[in-house]
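Student: The sequence and its predicted three-dimensional model are supplied below.
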Amino acid sequence: MITPDSMKAELAEWNSGEGVNLETWVGCMGRFSLAVGYAAVFWPELVEFEGLILSQGFSEDAIRKLINRADYNPHSVEWMNNHLHILDIQYVGCEDASRDRLIALGNTLKEMWEAKLKWQFPEKPCKVEFYQPDDIDDLSQYQISFWQEKYEHA
């Protein structure tokens, strides 16, 4: 992973000014409970339900209602259920959120989710999208989601 520019100065101050890399910094600053929580975001539990691939924890009744609508669109249902606002990985108002950090996380999540989907559902190709808004300063709109390719134009 490429170190976001907004973190380079902080990392350079560590080790009596000799600097450290991201891995060493995490080893000094992190906690295992947070690492487990991040693992749940980075490698989500996925299930198949009514032909859809969904992040675990959805409401079966709500999904069935969407499926039974006249304007049912499986692409939209998968996208909406599986999307994550990158900013929501941390608490509301997290003071160190920045565009370059959200982009670094979004790109990394995209690669991880692609690997997870290909591994867990090799017979159901999926597309993972890391959405970056036109207004690059609207940090709340950096999002990631996925859907099955067969539903791309449904």
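Tutor: Cool, the structure landed. Numbering: from 1, shown residues only.
Student: For the rest of this, base every contact and every neighbour count on C-alpha atoms.
Tutor: Will do.
Student: What ranges in the chain fall below the confidence cut-off?
Tutor: Counting by pLDDT under 70, the chain contains low-confidence ranges at 154.
Student: do that again at 90, thanks
Tutor: Residue ranges of the chain with pLDDT under 90: 1-2, 9-10, 26, 28-30, 152-154.
Student: so where do the strands sit in it?
Tutor: Here the chain has its strands, by DSSP state E, at 46-49, 52-55, 84-85, 126-131, 143-148.
Student: which one of those is the most hemmed in?
Tutor: strand 143-148 (a mean of 22; mean count of other CA atoms under 10 Å).
Student: Make a markdown table out of the strands of the chain and add distance to Glu111.
Tutor: Formatted as a markdown table, those follow (distance: least, CA to CA, whole Å):
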| stretch | distance to Glu111 |
| --- | --- |
| strand 46-49 | 16 |
| strand 52-55 | 17 |
| strand 84-85 | 15 |
| strand 126-131 | 8 |
| strand 143-148 | 11 |
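Student: Packing partners of the longest helix anywhere in the chain?
Tutor: For the chain, the helix with the greatest residue count under DSSP state H is helix 99-120. Counting by 3 or more CA pairs under 8 Å, 6 or more residues apart in numbering; DSSP states H and E, the packing neighbours recorded for helix 99-120 are helix 5-13, helix 32-42, strand 126-131, strand 143-148.
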